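> Just the structure for this:
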Amino acid sequence: MKHLMLSATLCMAATGAFAGKAFVSNERGNTITVVDTETWEVLDEFAGGNRPRGITLSPDGSLLYVCASDDDTVRVFDTETYEELYTLPSGPDPELFVIHPSGSPLYIANEDDNLVTVTDTADHTILAEVPVGVEPEGMAISPDSNWVVNTSETTNMAHFIDTSDYEIKHNILVDQRPRYAEYLDDGTRLFVSSEIGGTVSVIDVAEDGTPTLRQKIGFEVPGVLPEWLQPVGVKAKSDGSRIFVALGPANRVAVIDGASLEVVDYIMVGQRVWQMAFTPGEEYLVTTNGNSNDITVIDVAAEKAIKSIQVGQQPWGVAITPD
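Here you go, the predicted structure:
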């Protein structure tokens, strides 16, 4: 494993854990970049497997899970030493995943085999393989953990999987190539981005988990071709007041008012903005920008980009340690 800034890492390790770190998966560079979320300086970079994309953390922040898509496995790293501890069975071509709030299992989208693989993170075993639509990608788990949602790019659907029996109970048709799904913290609403359709579908969720399509939100930016407005990553503030949508090659993040469901602003970021993550407390939103090989830091209160940091080749996903 190659460490690019070993001396800085050893120095910080001697004085205690970092206050906060952002881990960025670099899809083309096959690395993970580590960024200090207080100073916004790059701390280190280490090997992440072949084509690392989806990236998430254990609930306590001690473990980093990485979808190494071309290795057909999930690689697991220590978030302090960056040592690879072991791998988890993932099914073929893992792309995105979501972790149960308890830390197990992982629900993993397998793009090539049209499956969602359920993996026990403690026993390192596959609990179930759930057939879904064609080219599954986006994954979300309801706040009560009763439902896992998968979006299938070619089927153009959001599939609602019951976590008690791993059966699909509901399907909602959305626009072309759904990429990502995001629940509000209260579980009453789900947002699904459609990259080619150019919309975000707003899905209301009843107390029993039954989903109903409410409306679709479109985007329009002066001087930007409509075909460049490609919604991908979605992040909602914990109070539901703002929903942020990464618009891919439009190089902007849309800001949606949570009450009116209207687009109120667009924030210019790096090139081909893809995924996003909040820092603890939601002071900042970090975006990965695949074509400019950087991340953008957005001040959430001001709704303005304040900093750009160079990372590895084609940054794809980002995960930030909890408090």
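> Beyond the helix or strand where E137 lies, next helix or strand please.
Taking DSSP states H and E as the criterion, E137 maps to strand 136-141. Once the chain leaves strand 136-141, the next helix or strand it forms, by DSSP H and E, is strand 147-152.
> so what does that next one touch, helix or strand wise?
strand 106-110, strand 136-141, strand 157-162, strand 178-183, strand 189-194 (3 or more C-beta pairs under 8 Å, 6 or more residues apart in numbering; DSSP states H and E). C-beta here means a position set from N, CA and C on the backbone, and glycine is covered the same way.
> again, 7 Å this time
Judged by 3 or more C-beta pairs under 7 Å, 6 or more residues apart in numbering; DSSP states H and E, the packing partners of strand 147-152 are strand 136-141, strand 157-162, strand 178-183.
> For those, give me TSV that also has mean neighbour count and distance to V192.
Below are those laid out as TSV (neighbours: other C-beta atoms under 10 Å; distance: least, C-beta to C-beta, whole Å):
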stretch	mean neighbour count	distance to V192
strand 136-141	24	7
strand 157-162	22	5
strand 178-183	25	5
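> can you put the ones you listed in a markdown table and add mean pLDDT?
Formatted as a markdown table, these follow (pLDDT from 0 to 100):
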| stretch | mean pLDDT |
| --- | --- |
| strand 136-141 | 97 |
| strand 157-162 | 98 |
| strand 178-183 | 98 |
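> Tell me which of the ones you listed approaches D70 most closely.
strand 136-141 (15.9 Å; C-beta to C-beta).
> now that closest one against strand 178-183, angle please.
Taking axes from the mean of the first three to the mean of the last three C-alpha atoms, to 10 degrees, one finds strand 136-141 and strand 178-183 inclined to each other by 0 degrees.
> Pairing partners for strand 136-141, with directions?
strand 147-152 (antiparallel) (DSSP bridges).
> tilt between the strand it pairs with and strand 106-110?
Going by the same axes, to 10 degrees, strand 147-152 makes 20 degrees with strand 106-110.
> Return the mean pLDDT over strand 147-152, rounded to an integer.
Across strand 147-152, the average pLDDT comes to 98.
> now that strand, how far from the centre of its chain.
13 Å (C-alpha atoms, centre = their mean, to the nearest Å).
> Equivalent analysis for stretch 246-253, please.
15 Å.
> can you give me the end-to-end distance of it?
5 Å (C-alpha to C-alpha, to the nearest Å).
> and what of stretch 181-191?
6 Å.
> so how far is it off the chain centroid?
The answer for stretch 181-191 is 14 Å, by C-alpha atoms, centre = their mean.
> What lies in contact with it?
138-140, 142-144, 149, 151, 158, 192, 200, 202-205, 211, 234-236, 238, 240, 243 (C-beta atoms under 7 Å, 6 or more residues apart in numbering).
> Please indicate which of the residues you listed are buried?
138-140, 142, 149, 151, 158, 192, 200, 202-203, 205, 211, 234-236, 243 (16 or more other C-beta atoms under 10 Å).
> quick one on the thing from earlier: mind giving me TSV with the helices and strands packed on strand 147-152 and columns for distance to N26?
Below are the helices and strands packed on strand 147-152 laid out as TSV (distance: least, C-beta to C-beta, whole Å):
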stretch	distance to N26
strand 136-141	19
strand 157-162	28
strand 178-183	19
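> P322: which of those is closest?
Using C-beta to C-beta, those put strand 136-141 closest to P322, at 16.1 Å.
> ok so, going back, tell me the angle of the strand holding E137 relative to strand 157-162?
Using the same axes, to 10 degrees: strand 136-141 against strand 157-162 is 40 degrees.
> contacting residues around strand 136-141?
95-98, 100, 107, 109-111, 114, 116, 148-153, 178-183, 190.
> if you set the cut-off to 6 Å instead, what comes out?
95-98, 107, 109, 148-153, 179-181, 183 (C-beta atoms under 6 Å, 6 or more residues apart in numbering).
> Can you report phi and psi for the closest residue in space to T210 that isn't next to it in sequence?
Leaving out its chain neighbours, the residue that sits closest to T210 by C-beta to C-beta, 6 or more residues apart in numbering is H170, at 6.5 Å. With angles defined as degrees, to the nearest 10, H170 sits at phi -140, psi 150.
> Please apply the same query to P280.
P280 has phi and psi values of phi -60, psi 140 when expressed as degrees, to the nearest 10.
> Who are the contact partners of it?
P322, D323.
> Can you give me the separation between it and D162?
Distance of P280 to D162, computed by C-beta to C-beta, to the nearest Å: 31 Å.
> ok, now D120?
The separation that D120 has from D162, given C-beta to C-beta, amounts to 18 Å.
> likewise L96?
20 Å.
> in the stretch 151-300 of the chain, which spans are strands?
157-162, 167-173, 178-183, 189-194, 199-205, 211-217, 234-236, 242-246, 252-257, 263-268, 273-278, 284-289, 294-299 (DSSP state E, counting those that start in this stretch).
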